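J.: Provide a 3D model corresponding to the input given below.
(one chain, ligands or ions: 2)
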Amino acid sequence: MQLKFSEEVAGALKAGRPVVALESTIIAHGFPWPDNLELGRRLEGAVREQGAVPATIAILDGEVRIGLDDGGLTRLAEGGGEIAKCSVRDLPVVIGRGGDGATTVAATARIAHLAGIAVFATGGIGGVHRPGRPGGVSHDVSADLYEMARTPITVVSAGAKSILDLPATVEMLETLGVTVLGFGTDCFPAFFSRESDLPVMTRVDDVAAVAAMIAARDGLGLEGAVLVCNPPPRDAAIAAAEVEDWLKQALRQAQEQGIGGSATTPFLLARLRELSGGRTVGVNKALAIANARLGAEIAGALLSRR
Ligand code: PSU
Ligand code: MN
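T.: Residues are numbered from 1 along each chain as shown. Ligands and ions are numbered 1, 2, ... in the order given. Just a heads-up that it's a prediction; the model follows:
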């Protein structure tokens, strides 16, 4: 399978300049039009401001694209819900049919690694969903977690959304051998909120330390990802208790309407946006941009070790 690189990304990889992969599900399914196009552009801008080259990944006409031009970005943003949400299992289908697909964390991580890109920045990772009823068990576990067990890449995220079962998600990351780092924090961030009551495996306070750990992972040939958890910016974050109320309502509606599978995350995000009067969108944007910036700094620190 041929990967189709933009000229800019191909040139940067060849010249040994820092490159940061960005996902496209956040554009097609995470935000409404036209906010999503603006966000896609701002994520790329944040990477550039730190001296790195952004590589937004998506499937267009059955081609695996590494680095999009503004036309490609616009097509994904305008297509929104019509564009297939592509996790790893969906790649053969969408590529085989010659269609368009927005890649999730799992699919983006895999493609970025195949493309020789070491760092990938996103908003939040998927995880273990909350059970449908109290005391129950959920078997809806995002493929993002399994992918991070077998792809040696670095993922920068604001932890996982509290629409998920965070303790179960953190346990699963441990089981799967993912190295979880809290960037300037001792706890696993809860996406909209800076705090959770879950301790993070290891705290790091600067990008040189992160780069040293990535180099150690690579030196040993370990397969798992390094997951860097960057708490949402202070001025945009929302208190956990406040999110929890909206979340309870959104989860109830999902259950009443029989929403399941890959439709769950986009549904809950859209409901939270309405229930919060748009506040969750503000945090989501701010944290994704902060993660793109941190990803670029880590990519730079990694290259300066070599
Ligand atoms: N978190 C967000 N916005 C998103 C997603 C996660 O804040 O749009 C997307 C990511 O692409 C992630 C996917 O990989 O949702 C997880 O979906 P699922 O749980 O169906 O694997
Ligand atoms: Mn799922």
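J.: CA only for contacts and neighbour counts going forward, please
T.: Will do.
J.: ok, residue 148 to residue 283 distance?
T.: 25 Å (Cα to Cα, to the nearest Å).
J.: between those two, point out the one with more neighbours.
T.: Under the criterion of other Cα atoms under 10 Å, the comparison of residue 148 against residue 283 puts residue 148 first, with 26 against 22.
J.: tell me the contacts of residue 76?
T.: Under the criterion of Cα atoms under 8 Å, 6 or more residues apart in numbering, the contact list for residue 76 reads 24, 27-28, 83, 102.
J.: swap in residue 296?
T.: Contacts for residue 296 were tallied using Cα under 8 Å, 6+ apart; they are 18-20, 47-48, 50-52, 119.
J.: what comes up buried for the host helix or strand of it?
T.: Assignment of secondary structure by DSSP states H and E places residue 296 within helix 279-305. Taking 16 or more other Cα atoms under 10 Å as the basis for neighbour counts, the residues of helix 279-305 that come out buried are 279-281, 283-302.
J.: ok, now stretch 81-95?
T.: Of the residues in stretch 81-95, those buried under the neighbour-count criterion (16+ other Cα under 10 Å) are 81, 83-88, 91, 94-95.
J.: which residues in this structure form strands?
T.: Using DSSP state E, the strands found in the chain span residues 3-5, 19-22, 53-60, 63-66, 84-86, 101-103, 119-121, 154-157, 179-183, 202-204, 226-229.
J.: the fifth one - contacts with which helices or strands?
T.: With contacts defined as 3 or more Cα pairs under 8 Å, 6 or more residues apart in numbering; DSSP states H and E, the packing partners of strand 84-86 are helix 25-28, strand 101-103.
J.: just put those in CSV and tack on mean neighbour count and distance to ligand 2.
T.: Listed next are the helices and strands packed on strand 84-86 as CSV, based on neighbours: other Cα atoms under 10 Å; distance: least, Cα to the ion, whole Å:
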stretch, mean neighbour count, distance to ligand 2
helix 25-28, 28, 14
strand 101-103, 30, 14
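J.: looking at those, which is closest to residue 158?
T.: Taking Cα to Cα, helix 25-28 is the member of these nearest to residue 158, at 13.5 Å.
J.: report all helices and strands that that closest one contacts.
T.: Counting contacts by 3+ Cα pairs under 8 Å, 6+ apart, the secondary-structure elements packed against helix 25-28 are helix 35-49, helix 70-79, strand 84-86, strand 101-103.
J.: quick one, the longest one and strand 53-60 angle?
T.: Between the axes of helix 35-49 and strand 53-60, defined by axes from the mean of the first three to the mean of the last three Cα atoms, to 10 degrees, the angle is 140 degrees.
J.: name the residues of helix 35-49 that come out as buried.
T.: Along helix 35-49, these residues count as buried under the neighbour rule (16+ other Cα under 10 Å): 36-37, 39-40, 42-48.
J.: Throw those into CSV and include pLDDT and distance to residue 211, thanks.
T.: Rendered in CSV, the data for these read as follows (pLDDT from 0 to 100; distance: Cα to Cα, whole Å):
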residue, pLDDT, distance to residue 211
36, 96, 31
37, 97, 31
39, 98, 27
40, 98, 26
42, 98, 25
43, 98, 22
44, 98, 22
45, 98, 23
46, 98, 20
47, 98, 17
48, 98, 19
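J.: of those, which is the nearest to ligand 1?
T.: Proximity to ligand 1 was ranked across those by Cα to the nearest ligand atom; first place goes to residue 36, at 10.5 Å.
J.: would you mind listing what in the protein touches ligand 1?
T.: With Cα under 6 Å from any ligand atom as the criterion, the chain comes near ligand 1 at residues 25-26, 29-30, 104-106, 123-126, 142-144, 262, 265.
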